[in-house]
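Asks: Turn this into a model:
(chains A and B)
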Amino acid sequence: MGAGGSGGLGITEADKSDPATPKFPNPPKPATVGASHVNQDDPEVRQAQEERLIWVWDAPKGWKYWSAVNNTEVGLWYTATSFGFMLFAGVLGLMIRVQLAVPENDFLTGHFYNQVYTLHGTVMMFLFAVPIFEAVAIIILPQMLGARDLPFPRLSAFGYWCFLIGGIFVCGSILFSAAPSGGWFMYPPLTTQERFTPGYGADIWLLGLSFIEVASIAAAVELIVGTLKCRPPGMRLNLMPLYAWYVLVVAGMILFAFPPLIAGDILFELERLFNWPFFDPERGGDPMLWQHLFWIFGHPEVYIVFLPAIALLAMIVPTFARRPILGYSWIVLAAVGTGFLSFGLWVHHMYTTGLPSISLGFFSAASEAVAIPTGVQIFVFLATLLTGRVIFSVPMLFVSGSLAIFIVGGLTGVMVALAPFDWQAHDTYFVVAHLHYVLLGGMLFPVVAGVYYFWPMLAGKTLSDKLGKIAFWLMFVGFNVGFFPMHFSGLMGMPRRIWTYPEGLGLELPNLISSVGAFVFAAGFLIVVVDVLRPRSKQPYAPRNVWNAGTLEWLAEQEDKGWGVRSIPIVTTRYPLWQQKNFVEDVDMGRFYMPDAEELKRETMVTSVLDAEPVQCLRVPGPTFMTMWAAVFLAAVFIFATFHWWYMTIGAMVLATIAIFVWLWRGTALIPEKGEKDVGLGLKLPLYVSGPKSVGWWAMFITMIGDGTAFLSLIFGYLFFFTIHEEFPPAGMAEPGLLWPALSLALFLAAWIASQMALSINKAGGVLLARALIGGSAVLAFAASAAILAGPYLNGLDPVVHVYPATVWVLVIWTAVHGAAGALMLIYCLVRSFAGRLTPEFDIDIANTALYWHFMAATALIATVAVALLPLAT
Amino acid sequence: MIHSETRDNLWTLIAAPTIWALHFLVSYIVAAAACVPNVAIFQAIAGPRILIAVITAVALVAIGLIFWRARREWKGHGGGSVHDTDTATGRERFLEFSTLLLAALSFVSVVFVALPALFVADCR
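Replies: Coordinates of the predicted model:
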């Protein structure tokens, strides 16, 4: 245990038991002077500092390289992997085009074709479009914020391994002809009934993607906390790079958009595995519920994909216009406005389901309204370009191409947002054309622009201008040749997802042209891939900040040093490299904060939300394999469940839980060797903070908002069934009664109060009483979980007979599982307290657990009221 | 200054679009509850439409207040559309101006969303 609170100067040798100190050989000597007390102009001092920083932030060597957690490595793997999945799905797309090139083709069998287009859509959306946002943000966000790393590097690594394993599982299924074949939105009853879709395909889709969604939410938590709390000192909200605004908005959207899909996946999988009839009308279910839950996710997802790509444009355009962005606040308006409005569009995918026109009208109106903020962004870019001195370059080519394509997609979007037009075009190739114009123009072209733009920052060398231009023209022409004719084939009546079509309908020519265009487009993209992968050891390094940009990520040196920034700068402008004098030199000479890693520990700075005032020097953990193990075991849970190997599923669940607790025990809430640290320029910052000041508390808060959204989606399902049935619960159906839910609620509330008292009593120094309260609270939580299950169990609710008992069971199981998780957290706190790792002064664990229990109490209240009182309302 | 100032933050920034979201959700639920199960599709739904008109009025007033408050304080801090100064006032002015823009967008969007209830008289 450290001498917390004392003002000790430091340590005398590398403390390899600390996760923030990497276990590398030959550590340099630590320093104990304090960054404010060295002569920063002395080259020897600087050299010693640099040695320490390089050693601390270096990537592990040899096979241990894969234990890296630093954002530079993880972000690179993430990006490469998502591009890999993209190429795979691209090949599937080409297979579709070969099959449809001529009428009556038999290149693919009908059954295999279904798998091909289902995986094409699924992989492009879930394994490329969304993850590439997270991947790119993990690489460039910390650079842009002058941070050494994101606050939870191990969480990023965990997310990456989940993504990789889940992705391979989903993609690999096609090699065994066992891939999902029900379309990327998996409508029941097509996908819930064995007679339509035999085999494991739908389970692979549901479980594989649920698993990846967990990784997405983890990344969202990381990115929100990173943007709000890891900005450099002085970077107030009005000085933040626009990219960071977009990241904040998009990560927030993920938090509200993915949980409904997870809730839907749970219901869907319960129907497939255990025959609980959520989507089966014969037993009171309704397939429409899946469509609602899927599209509450699915439409915001389009913007989750689009906004981060537009964010890249917001960085590229000012650089090549040679001026700051015109209308910064308008971009913020557009990002936040789109973020909200995009949640009011979901039913425009469901215009043909027979909903009353007044309902369709709401969604149609919102779909038109969203064109306003979307248009604002495009006008801001145009205005910036018109008022600047534009330099033409390969990234700018892709930017202009993306705007042109996206505008076409946007305009057809306004068309299909009108219900009467959509009734004609629904499920035809017109929609296929529309969505490809939106997604490629709004996402793929900007991402390629980003690749050309940021490549020199990552690799120190530029990509080829010549190849870039050829690639662009092939892609741009190929894309339009490929997808524009689909508008016509769609209007002629060619439906989506068909395996082949007969001669003589006039569809031959547009389809053949589309197929040719698709291959030209693919050739263009292949050139980009070749350009990225070609060896360039002979090519000289590009000059630093090769595009002469103004934002912090361009501090990156030609040869990557791993440390992120040499010293953490004080930012007073939006474009520090343009607008602050001597900025680069001051950073390089270590004249700002944290120019050293005196104790040989990985550290970054935490600042306040509004004005980025320094609040903490945060120690971040280094390389570990534990995150990989946690991901492997968690993946095993999902994969074993797919094949109904229940004992192995439970075994994997136990192992995953153990792995996560080991990771937490070793890597989080470490008590530092001293209370505060001199970070330079006369500033001392605490090394340990808890409660709302700490990043962990924010991560818990944000995670629980996502978790709460999933729970509310289940409640939405319950109320949905309530409204569509004349009588819900149906007459004569067993009900959970009042007694057990009421008892459970009382126990949950008692556990909640005990956990809050434990927090404050522990803080006041009453360690023994706090331990008793923590232990008591855990016991109460287990009892409460058992009590809520007892209601439906003892009253004989059979989830297979009707959707009512099934929904009640889902709500109580959800609550009980959360209660048990809350109990485990309390037990963890108790053990930490006995181990001396949780003390009155160092109380992160119990502070975060107490926060969890606020959400837990709300969940218990809503769940018990819903299951106990709703039957009384009918 | 006569009026007391609000210290703007990310929550005040998203207040207006949050009202839009609630208005949207409530309008949707009111219409859905009136038309489900959809048996009497030609029956007029005057009651629910009036209810939507009322919540629309409430939402517009609330958004209008946010707009008015943000505009007053933004003007009070000097107005203008460039907010890149490195001061607490600069940050405040930026948030006020962005709040104002978002309130305007939310206002228009609430009107958009209310229009179907003006034109559609039954559950067809």
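
Asks: quick one: the helix or strand of chain A with the lowest mean pLDDT to chain centroid distance?
Replies: Scoring the helices and strands of chain A by mean pLDDT, DSSP states H and E places helix A:201-229 at the bottom, with a mean of 92. Put simply, helix A:201-229 sits 5 Å off its chain's centre (C-alpha atoms, centre = their mean, to the nearest Å).

Asks: now for that helix, which elements pack on it?
Replies: Using 3 or more C-beta pairs under 8 Å, 6 or more residues apart in numbering or on different chains; DSSP states H and E, the elements in contact with helix A:201-229 are helix A:110-122, helix A:130-144, helix A:153-172, helix A:242-274, helix A:626-642, helix A:695-724. Every C-beta, even on glycine, is put in place using the N, C-alpha and C of the backbone.

Asks: report the angle between the axes of the shortest one and helix A:153-172?
Replies: Going back to what we said before, that points to helix A:110-122. 160 degrees (axes from the mean of the first three to the mean of the last three C-alpha atoms, to 10 degrees).

Asks: thinking again about what came up before, out of the helices and strands packed on helix A:201-229, which gets nearest to B:Phe97?
Replies: B:Phe97 sits nearest to helix A:242-274 of all these, at 14.1 Å, using C-beta to C-beta.

Asks: Is there any residue in the following helix or strand past that closest one that contacts chain B?
Replies: Proceeding N to C from helix A:242-274, the next assigned helix or strand is helix A:287-321, under DSSP states H and E. No. Residues of helix A:287-321 are not located near chain B by C-beta under 8 Å from any C-beta of the partner chain, the shortest gap being 10.4 Å.

Asks: who does the helix or strand just after helix A:287-321 touch, helix- and strand-wise?
Replies: With elements assigned by DSSP H and E, the helix or strand that comes after helix A:287-321 is helix A:328-341. Contact analysis of helix A:328-341 by 3+ C-beta pairs under 8 Å, 6+ apart lists helix A:242-274, helix A:287-321, helix A:371-387, helix B:15-35, helix B:88-119 as its packing neighbours.

Asks: List of residues touching stretch A:453-469?
Replies: Contact with stretch A:453-469 is made by A:76, A:136, A:139-140, A:143, A:312, A:315-316, A:319, A:393-395, A:397, A:451-452, A:527-528, A:530-532, A:536, A:539-542, A:546-547, A:553-554, A:556-560, as judged by C-beta atoms under 8 Å, 6 or more residues apart in numbering or on different chains.

Asks: run the last query once more with 6 Å
Replies: Residues from elsewhere that reach stretch A:453-469 (C-beta atoms under 6 Å, 6 or more residues apart in numbering or on different chains): A:316, A:394-395, A:452, A:527, A:531, A:536, A:539, A:541-542, A:546, A:553, A:556, A:558.

Asks: tell me which parts of chain B are close to chain A?
Replies: Proximity of chain B to chain A, by C-beta under 6 Å from any C-beta of the partner chain, involves residues B:17, B:21, B:24, B:27-28, B:31, B:35-36, B:83-84, B:86, B:90-91, B:94, B:97-98, B:101-102, B:105, B:109, B:112-113, B:115-116, B:120, B:123-124.

Asks: Now list the buried members of those residues.
Replies: Among those, those scoring as buried are B:17, B:21, B:24, B:27-28, B:31, B:35-36, B:83-84, B:86, B:90-91, B:94, B:97-98, B:101-102, B:105, B:109, B:112-113, B:116, B:120, B:123 (criterion: 16 or more other C-beta atoms under 10 Å in any protein chain shown).

Asks: Without its sequence neighbours, what residue ends up closest to the residue of the stretch 151-300 of chain A found nearest chain B?
Replies: Closest residue of the stretch 151-300 of chain A to chain B, C-beta to the nearest C-beta: A:Asn238 (3.5 Å). Nearest non-adjacent residue to A:Asn238, counting by C-beta to C-beta, 6 or more residues apart in numbering or on different chains: B:Phe94, 3.5 Å away.

Asks: Model confidence for that neighbour, exactly?
Replies: Note on B:Phe94: pLDDT of 94.

Asks: same thing with B:Pro37?
Replies: Per the predicted model, pLDDT is 69 at B:Pro37.

Asks: And the one 10 residues further on, by the same measure?
Replies: The confidence metric pLDDT takes the value 92 at B:Gly47.

Asks: Now do the residue sitting furthest away from the middle of chain B against A:Tyr351, distance only.
Replies: Distance from the centre of chain B peaks at B:Val39, with 33.2 Å (C-alpha atoms, centre = their mean). Noted for B:Val39: a distance of 21 Å to A:Tyr351, by C-beta to C-beta, to the nearest Å.

Asks: A:Gly706 too?
Replies: From A:Gly706 to A:Tyr351 the distance is 29 Å (C-beta to C-beta).

Asks: Perfect, I'm done here.
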